[in-house]
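**Student:** Have a look at this fold, sequence not included:
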């Protein structure tokens, strides 16, 4: 399996799509966080320094990285069916299990890569505005937990991408289906079923995208950020955020990730190459 | 898994593949012995590629079974793949990688070292173009790269699916030379093709498949050893009709300005006398060597009751196949 993974690394490294997606996300991250940095320099009440800036660095925009990671998973996997290299790899001696396992190993790698890019760019910019002599902690348990939760969220979206890629076996349609599911499909289905069958609502809120989404709210991990967000909400007469129990969300996400990878594997194994 | 001496390299037992309404491979049985260059001949859509897909385990059979190197289980198949070099249909590589990088992927799967990549690249004459991307290769270069990939790991069995597809005569000659060289080195080669002359020039044994069924299999020497009688006469129509009725003819057909027939005993004197008794005077009567194309046309025509593509036919009064070559 490691031989197969080494091949995956070589393919990923040499694939222009890898550098295009990473480059685009890098540019978007730089543009976004430079904006934050410049705004903070003009407005002393909204500073951009560590550790407070982690709220912005690990904010909603992290999701863009997961979209790019998922698109890349689809491009790396589905294209193998169009080029028939998935078939040739098996002819050359890989078992179907080895082939699929190597693709599964790509998922944490890609999610980590996009997350690391955001953290590296944002952390560097925020560090420039941080008074290191103050002795405050730059990175603590709260940030580590938030990174863990976001990593699991990324794994969830990318696992969904792998499932769609092996099921559809063509990059364009697979991306369309993944995006439709992610952007509105699940909400439409859940909303429709919830209207028709009210009793199902407690179950429906554990649909995959909704489950993964629960883990990417930074204030749930950082008490200080949560306090600031609550104060801001009261001040601006907005709904005050609530602390959620993250344990079930983590468990639910892991169950969905395992299920998506398993269904993908069964689907891939059943069909002729 | 090691093969026992005398064990066939490939053996199939009633292998079948049915899709919903289509039977792609229908109850085929054949065996390929070590050292044979086995031609798998058939028109497009006959079931050649599906058969190879079944043998390589990438298509699941709906009936029958097969053994590679004497083993028939799933684990045997996985082990056997490491002893096989194979390409299926078109050369399948990563378009954005160079020829050399593509072979690195294959070598990594086959657990071979980098030195071997250079050896096979040189063998197929791609050494100087190895750094160029696969998508920039001509079809001939792609076919040669596929051949190089099959040779990585020095496999005992090489399976090639239409390796001369889309090649110009020079490219076909090069591929033929490489395959011959492999055969001379004792490799067992399973070569699928619809190009009759390629199979005749390259293979030691042949099986003919049509509509998913094997309709003839033997050594190339045996299938082409029986001669056919070639006849000419001033009245070709009358000659063709008479030959069609000749009891010693297995089949007959018009070919250009003559009639050809396969005789049961190859006794031309008896045939000449029989025709003369019916007032047919032949201006030419001789035994002619039979090509694989003749065998293929007979075999496919005999099964179908109609002519092969591009040819018309009718059944002569004698009951055997009667065809006309335009």
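**Tutor:** Arrived safely, thanks for sending. For clarity, every value in this text was computed on a predicted model and none was experimentally measured.
**Student:** Would you mind naming what in the stretch 1-150 of chain B lies close to chain A?
**Tutor:** Residues of the stretch 1-150 of chain B lying close to chain A (C-beta under 8 Å from any C-beta of the partner chain) are B:53, B:56-60, B:78, B:81-82, B:84, B:86-90, B:92-97, B:101, B:104-106, B:108-111, B:149. No exception for glycine: its C-beta is placed from N, CA and C like everyone else's.
**Student:** could you redo the last one with a cut-off of 7 Å?
**Tutor:** Listed as neighbours of chain A in the stretch 1-150 of chain B under the rule C-beta under 7 Å from any C-beta of the partner chain: B:56, B:58-60, B:78, B:81-82, B:86, B:88, B:92-97, B:101, B:104-106, B:108-111.
**Student:** Drop anything exposed from these.
**Tutor:** Neighbour counting with 16 or more other C-beta atoms under 10 Å in any protein chain shown marks B:56, B:58-59, B:78, B:81-82, B:86, B:88, B:92-94, B:96-97, B:101, B:104-106, B:108-110 as buried within the residues of the stretch 1-150 of chain B next to chain A.
**Student:** neighbouring contacts of stretch B:8-25?
**Tutor:** Outside stretch B:8-25, the residues that touch it by C-beta atoms under 7 Å, 6 or more residues apart in numbering or on different chains are B:26-34, B:47, B:50-51, B:54-55, B:59, B:61-69, B:157, B:188, B:190, B:212.
**Student:** Now go through these and say which are in helices.
**Tutor:** Under the assignment DSSP state H, the contacts of stretch B:8-25 contribute B:50-51, B:54-55 to helices.
**Student:** Do a quick rundown of the helices in the stretch 1-150 of chain B.
**Tutor:** Ranges of helices within the stretch 1-150 of chain B are B:48-55, B:74-81, B:99-110, B:114-123, B:139-151, based on DSSP state H, counting those that start in this stretch.
**Student:** as a whole number, average confidence for the first one?
**Tutor:** The pLDDT scores in helix B:48-55 average 94.
**Student:** so what does it touch, helix or strand wise?
**Tutor:** Applying 3 or more C-beta pairs under 7 Å, 6 or more residues apart in numbering or on different chains; DSSP states H and E, one finds that helix B:48-55 contacts strand B:10-18, strand B:23-28, strand B:63-68, strand B:157-161, strand B:188-193.
**Student:** The second one now?
**Tutor:** Using 3+ C-beta pairs under 7 Å, 6+ apart as the contact criterion, the elements in contact with helix B:74-81 are strand B:63-68.
**Student:** before we move on, back to that, pull out the buried members of the contacts of stretch B:8-25.
**Tutor:** The buried subset of the contacts of stretch B:8-25 (16+ other C-beta under 10 Å) comprises B:26, B:28, B:30-32, B:34, B:47, B:50-51, B:54-55, B:59, B:61, B:64, B:66-69, B:157, B:188, B:190, B:212.
**Student:** In the sheet, which strands lie alongside the helix or strand containing residue B:283, parallel or antiparallel?
**Tutor:** In this structure, residue B:283 sits in strand B:282-288 according to DSSP states H and E. Using DSSP bridges, the strands paired with strand B:282-288 are strand B:228-233 (antiparallel).
**Student:** average pLDDT for stretch A:23-32?
**Tutor:** On average, the pLDDT along stretch A:23-32 is 92.
**Student:** For the residue nearest the centre of chain A, list the residues it contacts.
**Tutor:** Against the mean C-alpha coordinate of chain A, by C-alpha atoms, centre = their mean, the closest residue is residue A:154 at 2.2 Å. For residue A:154, the contact set (C-beta under 7 Å, 6+ apart) comprises A:66, A:69, A:111, A:115.
**Student:** one more time with 10 Å
**Tutor:** Going by C-beta atoms under 10 Å, 6 or more residues apart in numbering or on different chains, residue A:154 touches A:62-63, A:65-67, A:69-70, A:107-108, A:110-115, A:212, A:215-216.
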